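Student: Structure for this input, please:
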Amino acid sequence: MKLVRWFAPAFLLLAGMGRAQDVRYNYDKSADFTKYKTYKWVEMKTSDKDAMVDSQIKSTIDAELATKGLLKSDSDKVDLFVGYQVAINTEKQVNTFSSDFGYGGGWGYYGRGYGGMGTTTATSTTSTLYVGSLQLDFYDVGSKQAVFRAVGTKTLDAKAKPEKRQKNLAKAIKKMLKNYPPKEKG
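Tutor: Numbers count the residues shown, from 1 in each chain. Have a look, this model is predicted:
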């Protein structure tokens, strides 16, 4: 049961992170990002993970961090600890369609007149939207403080094929890490 609870959110997250993403990030303005060269994965407090999905998420993040000049290590003697969390929420969407039929607003004079007539038919449908979030955290090993956080959120497409899911995940991670390392404003 625990596997199903974790796999479903992760599957949905991977299913469509590519489009209509809301990406936010924050960082410790006092951190010296030039000193961070190595990192190690740490487990965040979360429910049991699906090994295949966990591997896909980590390998995609590893590839993007490599482009940023960070080297992954299994040693505890690293500059950063990196972890992620996945969350899924559902929202109800109501769609209402209206068809108006009728004629005229009426005619008349001196406050007397004749009104038009018509009918209106409204049809409503509801659907469930899955909204997934991937949160990525970086911790300075020496100070034991969080130094960078990126969060990607979007509406998910559970019908996407595995190749499309991986492509969308890579696109989402790239977007989430676009501002890492943060640029000094001067």
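Student: From now on I want contacts and neighbour counts done on CA atoms only, so please keep to that.
Tutor: Will do.
Student: Residue 149 is in contact with residue 85, correct?
Tutor: No - the pair residue 85 / residue 149 is not scored as a contact, 11.2 Å apart, by Cα atoms under 8 Å.
Student: Need the overlap of contacts for these two.
Tutor: The contact sets of residue 85 and residue 149 overlap at 135-136 (Cα atoms under 8 Å, 6 or more residues apart in numbering).
Student: More neighbours: the two, which one.
Tutor: Neighbours were counted for residue 85 and for residue 149 using other Cα atoms under 10 Å; residue 149 has more, 21 against 16.
Student: so how far is residue 137 from the more buried one?
Tutor: 5 Å (Cα to Cα, to the nearest Å).
Student: mind checking the longest helix of this structure?
Tutor: Criterion DSSP state H: the longest helix present in the chain is helix 51-67.
Student: how many neighbours does residue 154 have?
Tutor: Other residues lying near residue 154 total 21 when counted by other Cα under 10 Å.
Student: swap in residue 70?
Tutor: Using other Cα under 10 Å: residue 70 sits among 17 other residues.
Student: Quick check on it: phi, psi?
Tutor: phi -90, psi 140 (degrees, to the nearest 10).
Student: quick one, what contacts it?
Tutor: 36-39.
Student: Neighbour-wise, which one of those residues leads?
Tutor: In these, the most neighbours by other Cα under 10 Å go to residue 39, 25 neighbours.
Student: That residue bridge partners, please.
Tutor: residue 72, residue 80 (DSSP bridges).
Student: who does residue 137 bridge with?
Tutor: Here residue 137, judged by DSSP bridges, has bridge partners residue 83, residue 149.
Student: May I ask you to confirm that it is in contact with residue 152?
Tutor: No - counting by Cα under 8 Å, residue 137 stays clear of residue 152, with 11.9 Å between them.
Student: tell me the average confidence for stretch 92-109?
Tutor: Per-residue pLDDT over stretch 92-109 has a mean of 61.
Student: can you check stretch 124-134 too?
Tutor: Per-residue scores along stretch 124-134 average to 73.
Student: cool, stretch 142-162 as well?
Tutor: 86.
Student: This structure: helices as residue ranges?
Tutor: 2-16, 51-67, 162-176.
Student: angle of the last one against helix 51-67?
Tutor: What that stands for is helix 162-176. Helix 162-176 and helix 51-67 are oriented at 40 degrees to each other (axes from the mean of the first three to the mean of the last three Cα atoms, to 10 degrees).
Student: Can you name every helix or strand that helix 162-176 contacts?
Tutor: Under the contact criterion of 3 or more Cα pairs under 8 Å, 6 or more residues apart in numbering; DSSP states H and E, helix 162-176 touches helix 2-16, strand 22-27, helix 51-67, strand 145-155.
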